[in-house]
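S.K.: return atomic coordinates for the entry below.
(2 chains)
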Amino acid sequence: MKRTKIKAALNATGPMDEITIMGWVRTKRDNKGFSFVELNDGSCLVNIQAVIDHTPEIEAALDRVGTGASVSITGELVESPGKGQKWEVRGRSIEVLGEADQETFPLQKKRHSDEFLRGIAHLRPRTNKYGAIFRIRSELAQAIHKFFAEKEFYYIHTPIITGSDCEGAGEMFRVTSLEHGSTQPPDMDFFGKPAQLTVSGQLSVEMFALSLGDVYTFGPTFRAENSNTPRHVAEFWMIEPEMAFADLADDMDLAEEMIKYLITHIMDHCPDDVDLFAKWVDKSLMPTLENILKEPFKRLPYTEAIDILKKAKKGFEFPVEWGMDLQTEHERFLCEEQFKKPVYVYDYPKTIKPFYMRMNDDGRTVAAMDCLVPRIGELIGGSQREERMDVLQARMGEMGLSEEDYWWYLDSRRYGTAPHAGFGMGFERMLMLVTGVANIRDVMPFPRTPNSLDF
RNA sequence: UCCCCAGUAGCUCAAUUGGCAGAGCGGGUGACUGUUAAUCACUAGGUUCGCGGUUCAAGUCCGUGCUGGGGAGCCA
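M.R.: Predicted coordinates for the structure are as follows:
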C-alpha cells in the first residue's frame, strides 16, 4: 500500500499532485455539496483535513464514515484557503477501509475522563492525549539507548525468569509449568527448583559490569506487591546501569546527567506532544522541567536530612528519628518545599537497606542514594556495591541470607573484585515526570495492577 | 493490606427533607457552498452497580458484596 504519513504531508515544502493518506477519522463535517474529513494516523498529534466534493459514489462512501472509521483518501495536497492549517488534501476519491458503528464506538469528539479510558485501554491510543503519551514513551526508550550508546555503555539482556528468590526487592510472582493446584514438589517443576519473575536485573548486570566495565539493562520487572497507588504497577520497566571502578559520587553524577539528557531530548524531539501536556494536563510542566535542568541537584546526607526534618516546623504524621526510612511526606517536604528541586539523599542507615550496598567507614551507614523529584517521589534508587568479600559475607550473615544461594554472586568478589556502583530508574516514573501525567496506569499501554488483567 | 470518597442515559454530571428520573455533550434524522471538537432544527435513549432490608413510598436511609478514585504502607 502506497501512502504518505500525515506527519510528512503536513511538513510538505510544496503542493503535491498525487497523494494518498490513510488514517482514522477524528471528525467529519458535511456541507451541501462537499465534506470535511479530519484524519489522524498516529504519526503525529495533528490531524490533516481533507476536503471532498460530493458525487453519488463519494456520498455513498461518506455515508459509511463516522468518527473512528478508517479510510484511504487520494487527491492532491494544496495550500489550505481556510484558517488553522497550512496544507489540506483536496480529495478525489475515498475508500472506506473499516467502518465504526456510531451507536457503539466509545470514543467521542470530546474529552473523556482518564478513568473511563482505562476501561478501554485498547482504544485509548486513538485519542490525542494517549497518542502523545505513547509517542513520547517510544522516544524516551530510544533516548535511553542513545544516552548509553554515546557514553559507551553496553546493553545487557538480563533474565526475566530467575531462580534467586530474594533479589532484594519486593514480593515475587512464581513461574511454573505445573498444573494449577498441583501438589508436585518444586523439583518436579520445569527448572527442577522454584522459579520467579525478576524484580530487578541488578545482581545479574553487576556480573557484566565486572567484565565489560560500563553496562546497563533495560527491561520489564515484576512485583507481586498488593500496592494500590498511582505510582505502582505489577509489571513495569526499569533502567539499571552499572559501572565498574566507580563510587557513589560517580553514580549520582551519572543519574543526574541521564535525567537531564532525557528531559532535554524529549523537549527537543516531541515539542507538539509535550505542548499538549503543558497546556491540558499539567500547567506547571514546563517550569518544573526547566527547573530540573537549570541547577545541580541537591546532595544531602541522610543524617543531615533527618536534622532538617526534625527542625522543620511541620506537623509530620510520622515522627522523625535517625534510623527510620523516609516517609512520603518527608520526601515531598525535602524536594518540594525545602530545596524545590531534585534531591539526592545518600548514606542511609544500613538497617533499612539491602545486603549488597557498600558499608561506610562509620559502620552504621551504607553508600546508598535515592533521587527524589517533585511530585513523583523516588525516581531512582542506587548504591555503591559492597566489593569486599569479608564485609559482604558478614552483611549476608546479619540478614540471614544463605551464601550457597548466592555462590555465583560471591564469585565476582572472590575473583578480581572491584569497586562498582549502579542504580535503578523506574521508566514509567520518568515518563510521568516528562509528561505531568499523574497516574502510572496512564503511561503504560496495558497496565497490570491487583485484580486487573483485562487486556 | 488499612483509611476516606464515589457509582444515575454511550460520556460528564444534576435531582431540595425519603415524594412524577433531568441537562449538556455524544447518537439518529433533516438544513446549510470553507468548516475547525462547525452551526441550526427535530428526535430516540434509564434494571439509578448487584443482593438483602427499613418504609405508604428508596436514586436518596441501613447492611453486604463488587467496581472505580484519593491517601497511607511497600517500592521504582
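S.K.: which parts of the stretch 351-455 of chain A sit against RNA strand B?
M.R.: The stretch 351-455 of chain A has residues A:377-381, A:424-426, A:428-429, A:438-441, A:450-452 near RNA strand B, with proximity defined as C-beta under 7 Å from any atom of the strand. Using the backbone N, CA and C atoms, a C-beta is placed for each residue, glycine as well.
S.K.: these, buried ones only, as a PyMOL selection?
M.R.: Selection of buried members from these for PyMOL, criterion 16 or more other C-beta atoms under 10 Å:
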select buried, chain A and resi 377+378+379+380+381+424+425+426+428+429+439+440+441
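S.K.: would you map out the domains in chain A?
M.R.: With automatic domain parsing as the criterion, the domains of chain A are listed as A:6-105, A:124-147+A:211-216+A:226-442.
S.K.: and the last one, average pLDDT?
M.R.: It stands for domain A:124-147+A:211-216+A:226-442. Mean per-residue pLDDT for domain A:124-147+A:211-216+A:226-442: 94.
S.K.: figure out the length between the terminal residues of it.
M.R.: In domain A:124-147+A:211-216+A:226-442, first residue to last residue: 10 Å (C-alpha to C-alpha, to the nearest Å).
S.K.: off-centre distance for that domain?
M.R.: Averaging C-alpha positions (C-alpha atoms, centre = their mean, to the nearest Å) puts domain A:124-147+A:211-216+A:226-442 13 Å from its chain's average.
S.K.: and stretch A:9-17, by the same measure?
M.R.: With C-alpha atoms, centre = their mean as the basis, stretch A:9-17 stands 35 Å off its chain's centre.
S.K.: which parts of it are buried?
M.R.: In stretch A:9-17, the ones that count as buried by 16+ other C-beta under 10 Å are A:9-10.
S.K.: go ahead and name everything in contact with it.
M.R.: Stretch A:9-17 is contacted from outside by A:4, A:19, A:21, A:44, A:46, A:48, A:76-79, A:85-87, A:89, using C-beta atoms under 8 Å, 6 or more residues apart in numbering.
S.K.: out of those residues, who's near RNA strand B?
M.R.: When C-beta under 7 Å from any atom of the strand is applied, the members of these adjacent to RNA strand B are A:Gln85.
S.K.: for RNA strand B, state which of the contacts of stretch A:9-17 is nearest.
M.R.: A:Gln85 (5.8 Å; C-beta to the nearest atom of the strand).
S.K.: the closest one: how many residues sit nearby?
M.R.: Burial of A:Gln85 is recorded as 14 neighbouring residues (other C-beta atoms under 10 Å).
S.K.: could you tell me how many residues sit around the closest residue to it other than its chain neighbours?
M.R.: Counting by C-beta to C-beta, 6 or more residues apart in numbering, A:Gln85 lies nearest to A:Gln49, which is 5.7 Å off, once chain neighbours are set aside. Residues contacting A:Gln49 under the criterion other C-beta under 10 Å number 19.
S.K.: picking up where we left off before, out of the domains of chain A, deepest packed?
M.R.: With neighbours taken as mean count of other C-beta atoms under 10 Å, the domains of chain A reach their highest mean count in domain A:124-147+A:211-216+A:226-442, at a mean of 18.
S.K.: residues from the stretch 201-350 of chain A in reach of RNA strand B?
M.R.: Proximity of the stretch 201-350 of chain A to RNA strand B is confined to A:223, A:225-234, A:236, A:238, A:318, A:325, A:327-329, A:331 under the rule C-beta under 7 Å from any atom of the strand.
S.K.: quick one on the thing from earlier: and the contacts of stretch A:9-17 as TSV, adding distance to A:Arg126?
M.R.: Compiled in TSV, those are given as follows (distance: C-beta to C-beta, whole Å):
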residue	distance to A:Arg126
A:Thr4	20
A:Ile19	23
A:Ile21	16
A:Cys44	14
A:Val46	15
A:Ile48	15
A:Glu76	27
A:Leu77	24
A:Val78	27
A:Glu79	28
A:Gln85	20
A:Lys86	24
A:Trp87	22
A:Val89	20
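S.K.: quick check: the two most widely separated of the contacts of stretch A:9-17?
M.R.: Distance extremes for these: the farthest pair is A:Cys44 and A:Glu76 at 20.6 Å, using C-beta to C-beta.
S.K.: helix or strand: which one has the residue nearest the centre of chain A?
M.R.: In chain A, the residue lying closest to the centroid (C-alpha atoms, centre = their mean) is A:Glu428, at 2.3 Å. Assigned by DSSP states H and E, A:Glu428 falls within helix A:427-435.
S.K.: show me what that helix is packed against.
M.R.: Applying 3 or more C-beta pairs under 8 Å, 6 or more residues apart in numbering; DSSP states H and E, we find helix A:427-435 packed against helix A:128-150, strand A:235-244, helix A:248-269, helix A:271-280, helix A:285-294, strand A:377-384.
S.K.: can you redo those as JSON lines with distance to A:Gly416?
M.R.: Listed next are the helices and strands packed on helix A:427-435 as JSON lines, based on distance: least, C-beta to C-beta, whole Å:
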{"stretch": "helix A:128-150", "distance to A:Gly416": "24"}
{"stretch": "strand A:235-244", "distance to A:Gly416": "10"}
{"stretch": "helix A:248-269", "distance to A:Gly416": "19"}
{"stretch": "helix A:271-280", "distance to A:Gly416": "46"}
{"stretch": "helix A:285-294", "distance to A:Gly416": "38"}
{"stretch": "strand A:377-384", "distance to A:Gly416": "17"}
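S.K.: for A:Val37, which of these is the nearest?
M.R.: Nearest of those to A:Val37, taken as C-beta to C-beta: helix A:128-150 at 17.0 Å.
S.K.: how near is the closest residue to A:Asp187 other than its chain neighbours to A:Asp411?
M.R.: Nearest in space to A:Asp187, with sequence neighbours left out and distances taken as C-beta to C-beta, 6+ apart, is A:Lys193 at 6.6 Å. Taking C-beta to C-beta, to the nearest Å as the measure, A:Lys193 falls 19 Å from A:Asp411.
S.K.: swap in A:Ala246?
M.R.: For A:Ala246, the distance to A:Asp411 equals 20 Å [C-beta to C-beta].
S.K.: what's the answer for A:Cys371, then?
M.R.: The gap separating A:Cys371 from A:Asp411 is 31 Å, by C-beta to C-beta.
S.K.: ok, A:Ala394 next?
M.R.: In this view, A:Ala394 and A:Asp411 are 18 Å apart by C-beta to C-beta.
S.K.: same thing with A:Val96?
M.R.: Distance of A:Val96 to A:Asp411, computed by C-beta to C-beta: 64 Å.
S.K.: ok, so of the contacts of stretch A:9-17, who is nearest A:Leu293?
M.R.: Of all the contacts of stretch A:9-17, A:Leu293 sits closest to A:Cys44, with 25.0 Å by C-beta to C-beta.
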